[in-house]
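# Using only what follows, build the 3D model:
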Amino acid sequence: MKLPSLRRYDVQARVGLWTSIVAALPLLAAALQSYRRYDHQLRAIQYGQQGSFRIAFLACVGLAMMLSVIGLGLGFNSAGQRRNKEQHKSWLGFFIGTAVLSFSIILFFAFRKLKFEIVAG
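From the prediction side, this is the model:
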């Protein structure tokens, strides 16, 4: 199967939109896991020392950031081009990528601020 050429602006618009949409999936997974582990009385996100929650959380947030930057860049590059017949996909990819990147940054700093590692003694 031949891969589409990213030199064409309409292909960039489609790939940017789908990349931005796919970037929301690991962000959603990280947000759900951190919400599930959030303790309202302590106002902290609890996780164990031997568990792999922290690694999985940071991997999900990092993947979401990376994919959203790719989608944002492709959407921004193809938006406004005369040869692009799919302008709406360019702008959707740009704005969805921007939203996912913003929420990823917020979630990352919320975790850094609210993390509470439980050490078994």
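# partners of the helix or strand of the chain at the bottom of the mean pLDDT ranking in the sheet?
When each helix and strand of the chain is scored by mean pLDDT, DSSP states H and E, strand 115-118 comes last, with a mean of 81. Strand 115-118 has the following sheet partners, assigned by DSSP bridges: strand 44-48 (parallel).
# And the strand it pairs with, what's buried?
For strand 44-48, the neighbour count (16 or more other Cβ atoms under 10 Å) marks 44, 45, 47 as buried. Quick note: C-beta positions are derived from backbone N, CA and C, even for glycine.
# Pass me the low-pLDDT residue ranges in the chain, would you?
Within the chain, the ranges that satisfy pLDDT under 70 run 50, 120-121.
# where exactly do the helices run in it?
Listed from the start of the chain, the chain has helices (DSSP state H) covering 9-36, 53-78, 87-114.
# so which of those helices gets nearest residue 3?
Distances from residue 3 to each of those were compared using Cβ to Cβ; the minimum, 9.7 Å, belongs to helix 9-36.
# Report the buried residues of the least confident helix or strand of the chain.
When neighbours are counted by 16+ other Cβ under 10 Å, the buried residues of strand 115-118 are found to be residue 115.
# Now tell me what touches that strand from outside.
Counting by Cβ atoms under 8 Å, 6 or more residues apart in numbering, strand 115-118 makes contact with 39, 42, 44, 45, 46, 47, 48, 49, 54, all of which sit outside it.
# Mind doing that once more with 6 Å?
Among residues not part of strand 115-118, those counted as contacts by Cβ atoms under 6 Å, 6 or more residues apart in numbering are 44, 45, 46, 48.
# if I pick the second one, what's in contact with it?
By Cβ under 6 Å, 6+ apart, residue 45 lies in contact with 34, 37, 38, 114, 115.
# Export the helices of the chain as a markdown table, with columns for distance to residue 3.
Written out in a markdown table, the entries for the helices of the chain read as follows (distance: least, Cβ to Cβ, whole Å):
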| stretch | distance to residue 3 |
| --- | --- |
| helix 9-36 | 10 |
| helix 53-78 | 15 |
| helix 87-114 | 18 |
